[in-house]
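# got a predicted structure plus its sequence, pasted below:
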Amino acid sequence: MAKQAGLTGWMNPLLLTAWVGALWMTAITASVLFQTIPDRQLAGLVAGKLFSIVSYIGLASGLWLLIQRLANDGFSAFKQGLFWVVFLMWVLVLIGEFGIQPLLAQLKASALPNDVMQSVFASRFKTWHGIASIAYLVECLLGVWLVIKSS
(Lines give C-alpha, C1' and ligand atoms only; values in the text may rest on other atoms or scores of the structure.)
Protein backbone atom coordinates (compact mmCIF):
# COMPACT_ATOMS: atom_id res chain seq x y z
CA MET A 1 0.00 0.00 0.00
CA ALA A 2 1.21 3.54 -0.68
CA LYS A 3 3.42 5.39 1.80
CA GLN A 4 1.34 7.77 3.92
CA ALA A 5 1.90 10.12 6.82
CA GLY A 6 0.23 10.05 10.22
CA LEU A 7 -2.02 7.27 11.45
CA THR A 8 -2.35 5.46 8.14
CA GLY A 9 1.40 5.68 7.58
CA TRP A 10 2.09 3.09 10.24
CA MET A 11 -1.36 1.56 10.62
CA ASN A 12 -1.63 -0.01 7.16
CA PRO A 13 1.63 -2.00 7.33
CA LEU A 14 0.88 -2.99 10.93
CA LEU A 15 -2.57 -4.34 10.05
CA LEU A 16 -1.27 -6.12 6.96
CA THR A 17 1.52 -7.72 8.98
CA ALA A 18 -0.87 -8.76 11.76
CA TRP A 19 -3.33 -10.27 9.28
CA VAL A 20 -0.86 -12.19 7.14
CA GLY A 21 1.29 -13.20 10.10
CA ALA A 22 -1.79 -14.49 11.93
CA LEU A 23 -2.83 -16.48 8.85
CA TRP A 24 0.50 -18.28 8.66
CA MET A 25 0.94 -18.73 12.41
CA THR A 26 -2.53 -20.22 12.73
CA ALA A 27 -1.87 -22.66 9.89
CA ILE A 28 1.32 -23.80 11.64
CA THR A 29 -0.39 -23.95 15.04
CA ALA A 30 -3.29 -26.03 13.70
CA SER A 31 -0.83 -28.54 12.29
CA VAL A 32 0.98 -28.75 15.63
CA LEU A 33 -2.32 -29.18 17.48
CA PHE A 34 -3.28 -32.21 15.40
CA GLN A 35 0.20 -33.71 15.80
CA THR A 36 0.27 -33.15 19.57
CA ILE A 37 -3.26 -33.66 20.91
CA PRO A 38 -4.44 -37.27 20.59
CA ASP A 39 -8.12 -36.24 20.74
CA ARG A 40 -8.80 -35.00 17.19
CA GLN A 41 -12.13 -33.45 18.21
CA LEU A 42 -10.38 -31.34 20.84
CA ALA A 43 -7.60 -30.38 18.43
CA GLY A 44 -10.23 -29.40 15.87
CA LEU A 45 -12.16 -27.36 18.41
CA VAL A 46 -9.07 -25.37 19.42
CA ALA A 47 -7.96 -24.94 15.80
CA GLY A 48 -11.45 -23.78 14.85
CA LYS A 49 -11.38 -21.11 17.56
CA LEU A 50 -8.01 -19.89 16.31
CA PHE A 51 -9.21 -19.78 12.69
CA SER A 52 -12.25 -17.78 13.79
CA ILE A 53 -10.08 -15.24 15.63
CA VAL A 54 -7.89 -14.87 12.54
CA SER A 55 -11.02 -14.38 10.44
CA TYR A 56 -12.07 -11.41 12.54
CA ILE A 57 -8.54 -9.99 12.39
CA GLY A 58 -8.77 -10.32 8.60
CA LEU A 59 -12.22 -8.78 8.38
CA ALA A 60 -11.20 -5.74 10.43
CA SER A 61 -7.78 -5.33 8.80
CA GLY A 62 -9.07 -5.88 5.28
CA LEU A 63 -11.92 -3.43 5.72
CA TRP A 64 -9.54 -0.78 7.07
CA LEU A 65 -7.08 -1.33 4.20
CA LEU A 66 -9.84 -1.16 1.58
CA ILE A 67 -11.38 1.99 3.06
CA GLN A 68 -7.97 3.66 3.32
CA ARG A 69 -7.15 2.83 -0.29
CA LEU A 70 -10.48 4.26 -1.44
CA ALA A 71 -10.08 7.35 0.76
CA ASN A 72 -6.58 8.02 -0.56
CA ASP A 73 -7.01 7.11 -4.22
CA GLY A 74 -10.73 7.44 -4.89
CA PHE A 75 -12.07 5.49 -7.84
CA SER A 76 -8.55 4.89 -9.17
CA ALA A 77 -8.21 2.34 -6.34
CA PHE A 78 -10.36 0.04 -8.49
CA LYS A 79 -7.57 0.00 -11.08
CA GLN A 80 -4.91 -1.17 -8.61
CA GLY A 81 -3.90 -4.79 -8.23
CA LEU A 82 -3.15 -4.36 -4.52
CA PHE A 83 -6.72 -3.20 -3.89
CA TRP A 84 -8.15 -6.27 -5.61
CA VAL A 85 -5.82 -8.66 -3.78
CA VAL A 86 -6.95 -7.25 -0.42
CA PHE A 87 -10.56 -7.40 -1.60
CA LEU A 88 -10.21 -11.04 -2.70
CA MET A 89 -8.60 -11.98 0.62
CA TRP A 90 -11.41 -10.19 2.45
CA VAL A 91 -14.07 -12.03 0.41
CA LEU A 92 -12.35 -15.35 1.13
CA VAL A 93 -12.55 -14.55 4.86
CA LEU A 94 -16.27 -13.75 4.54
CA ILE A 95 -16.96 -16.97 2.65
CA GLY A 96 -14.94 -19.04 5.10
CA GLU A 97 -16.24 -17.57 8.34
CA PHE A 98 -19.89 -16.99 7.43
CA GLY A 99 -20.42 -19.60 4.72
CA ILE A 100 -18.24 -22.67 5.13
CA GLN A 101 -17.61 -22.67 8.90
CA PRO A 102 -21.32 -22.62 9.84
CA LEU A 103 -21.87 -25.49 7.41
CA LEU A 104 -19.07 -27.50 9.03
CA ALA A 105 -20.48 -26.73 12.49
CA GLN A 106 -23.92 -27.92 11.37
CA LEU A 107 -22.47 -31.17 10.04
CA LYS A 108 -20.66 -31.73 13.36
CA ALA A 109 -23.85 -31.01 15.32
CA SER A 110 -25.87 -33.34 13.11
CA ALA A 111 -23.39 -36.15 13.76
CA LEU A 112 -23.66 -35.93 17.57
CA PRO A 113 -23.15 -37.86 19.75
CA ASN A 114 -20.62 -39.33 17.31
CA ASP A 115 -17.57 -37.66 15.82
CA VAL A 116 -18.50 -36.27 12.41
CA MET A 117 -15.77 -38.41 10.84
CA GLN A 118 -17.53 -41.53 12.20
CA SER A 119 -20.92 -40.50 10.81
CA VAL A 120 -22.84 -40.49 7.55
CA PHE A 121 -21.78 -36.84 7.22
CA ALA A 122 -18.05 -37.66 6.96
CA SER A 123 -17.89 -37.38 3.18
CA ARG A 124 -19.63 -33.98 3.06
CA PHE A 125 -17.52 -32.75 5.97
CA LYS A 126 -14.30 -33.81 4.19
CA THR A 127 -15.40 -32.07 0.99
CA TRP A 128 -16.27 -28.78 2.69
CA HIS A 129 -13.20 -28.95 4.92
CA GLY A 130 -11.09 -29.40 1.79
CA ILE A 131 -12.72 -26.38 0.15
CA ALA A 132 -12.08 -24.33 3.30
CA SER A 133 -8.44 -25.48 3.35
CA ILE A 134 -7.90 -24.49 -0.28
CA ALA A 135 -9.50 -21.08 0.30
CA TYR A 136 -7.28 -20.57 3.36
CA LEU A 137 -4.16 -21.55 1.39
CA VAL A 138 -5.10 -19.10 -1.38
CA GLU A 139 -5.59 -16.39 1.25
CA CYS A 140 -2.17 -17.17 2.76
CA LEU A 141 -0.43 -17.05 -0.62
CA LEU A 142 -2.18 -13.82 -1.63
CA GLY A 143 -1.11 -12.39 1.73
CA VAL A 144 2.54 -13.21 1.04
CA TRP A 145 2.27 -11.61 -2.40
CA LEU A 146 0.65 -8.55 -0.83
CA VAL A 147 3.38 -8.18 1.79
CA ILE A 148 6.10 -8.46 -0.87
CA LYS A 149 4.43 -6.00 -3.26
CA SER A 150 3.54 -3.44 -0.60
CA SER A 151 7.01 -3.21 0.94
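Received it, and whenever you're ready, just let me know what you need.
# how far out from the middle of the chain is the helix or strand where Pro13 lies?
Under the criterion of DSSP states H and E, Pro13 resides in helix 6-36. Distance of helix 6-36 from its chain centroid, counting by C-alpha atoms, centre = their mean, to the nearest Å, is 10 Å.
# which residues touch stretch 44-51?
If you take C-beta atoms under 8 Å, 6 or more residues apart in numbering as the criterion, stretch 44-51 is touched by 26, 29-30, 33-34, 37, 96, 101, 136. Using the backbone N, CA and C atoms, a C-beta is placed for each residue, glycine as well.
# switch these over to JSON lines; also include pLDDT and neighbour count.
Listed next are these as JSON lines, based on pLDDT from 0 to 100; neighbours: other C-beta atoms under 10 Å:
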{"residue": "Thr26", "pLDDT": "97", "neighbour count": "20"}
{"residue": "Thr29", "pLDDT": "98", "neighbour count": "16"}
{"residue": "Ala30", "pLDDT": "97", "neighbour count": "19"}
{"residue": "Leu33", "pLDDT": "97", "neighbour count": "17"}
{"residue": "Phe34", "pLDDT": "96", "neighbour count": "14"}
{"residue": "Ile37", "pLDDT": "96", "neighbour count": "15"}
{"residue": "Gly96", "pLDDT": "97", "neighbour count": "22"}
{"residue": "Gln101", "pLDDT": "97", "neighbour count": "17"}
{"residue": "Tyr136", "pLDDT": "98", "neighbour count": "21"}
